[in-house]
Each structure stands twice: as C-alpha cells, then as structure tokens.
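Trainee: Could you look at this predicted model? Sequence included:
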Amino acid sequence: MKYVSVTVWKHSESIDWAKMQEMLSENMKKPDTPVGTTVRWFDIDEYTHGSVLTFASLEAFENHKSKLEANRKESSDDLGITLVHKHDGLIRAEGTRS
C-alpha cells in the first residue's frame, strides 16, 4: 500500500518556481531517493507552497524518513522557509482517469 506525506511551506520571499523545479529535479536524482517516489509541489499563494510526496510503501517511507526530516530541516535553515503543516498516512483510496 502506498504512503503519502503532505506538507505546507511558508517562504520569506516570493517563490521562484524555476529554482524550485531545478532543486526538485536534482533531489530526485540522488541515489538515496527511493524508487517509486513521486513529489509534487504546488502553489498556494506567492509565498506558500504545498508538497505531496508519495512512496511505494510504508516501509519505503520509514527507511527514508530520517533523510526526509534532515532535508526538511536543511530547507528551512538554508532557504528561509518554514514548515507550516505536516501529515503522513497510508493511501486508502485512489482514482485515476486515463
């Protein structure tokens, strides 16, 4: 069963989405990023973005959790962003239209 981590982040300056995409693309190339992980960042307003991380399983999330928390702390310290909300949980229902 897939596992999801949803967060909301407040930025001290307006969001530079080109820079955000570049950073995300680089992070996804790291060898310690679990296979099957997806990340989607979305805008809430000029200074706030949301994040949806999907892991292939609870085990994949648990194995990556300490690295994820370290990355979140580093982002907060280095990029001037603050974690406003976080929720983790198993995906219980899902729909896709092809």
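Mentor: Received it, and whenever you're ready, just let me know what you need.
Trainee: Stretch 13-27: which residues count as buried?
Mentor: By 16 or more other CB atoms under 10 Å, the buried positions in stretch 13-27 come out as Ile15. All C-beta spots, glycine's among them, are computed from the backbone N, C-alpha and C.
Trainee: what does the average pLDDT come to for it?
Mentor: On average, the pLDDT along stretch 13-27 is 94.
Trainee: Then stretch 70-80?
Mentor: 84.
Trainee: And that stretch, what's buried?
Mentor: Buried residues in stretch 70-80 (16+ other CB under 10 Å): 72, 75.
Trainee: try stretch 85-97
Mentor: When burial is assessed from 16+ other CB under 10 Å, stretch 85-97 yields no buried residues.
Trainee: Between the two ends of that stretch, what distance do you get?
Mentor: Start to finish, the residues bounding stretch 85-97 are 29 Å apart (CA to CA, to the nearest Å).
Trainee: and it, how far from the chain's centre?
Mentor: 13 Å (CA atoms, centre = their mean, to the nearest Å).
Trainee: And the helices in the protein, which stretches?
Mentor: Applying DSSP state H to the chain gives helices spanning 17-29, 58-79.
Trainee: centre of the chain versus the last one, how much separation?
Mentor: Right, the one you point to is helix 58-79. From the chain centre to the centre of helix 58-79 is a distance of 9 Å (CA atoms, centre = their mean).
Trainee: and if you look at stretch 72-90?
Mentor: Distance of stretch 72-90 from its chain centroid, counting by CA atoms, centre = their mean, is 8 Å.
Trainee: Give me the contacts around it.
Mentor: Stretch 72-90 has contacts (CB atoms under 8 Å, 6 or more residues apart in numbering) with 1-13, 48, 58, 61.
Trainee: Filter those down to the buried ones and hand me the ChimeraX line.
Mentor: Of the contacts of stretch 72-90, the buried ones can be selected in ChimeraX as follows, counting by 16+ other CB under 10 Å:
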select :2,3,4,5,7,9,11,48,61
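Trainee: can you name the two of the contacts of stretch 72-90 that are farthest apart?
Mentor: Distances among the contacts of stretch 72-90 were taken as CB to CB; the most separated pair is Met1 and Glu13, at 38.2 Å.
Trainee: tell me the least confident of the contacts of stretch 72-90?
Mentor: In terms of pLDDT, the lowest of the contacts of stretch 72-90 is Met1, showing 85.
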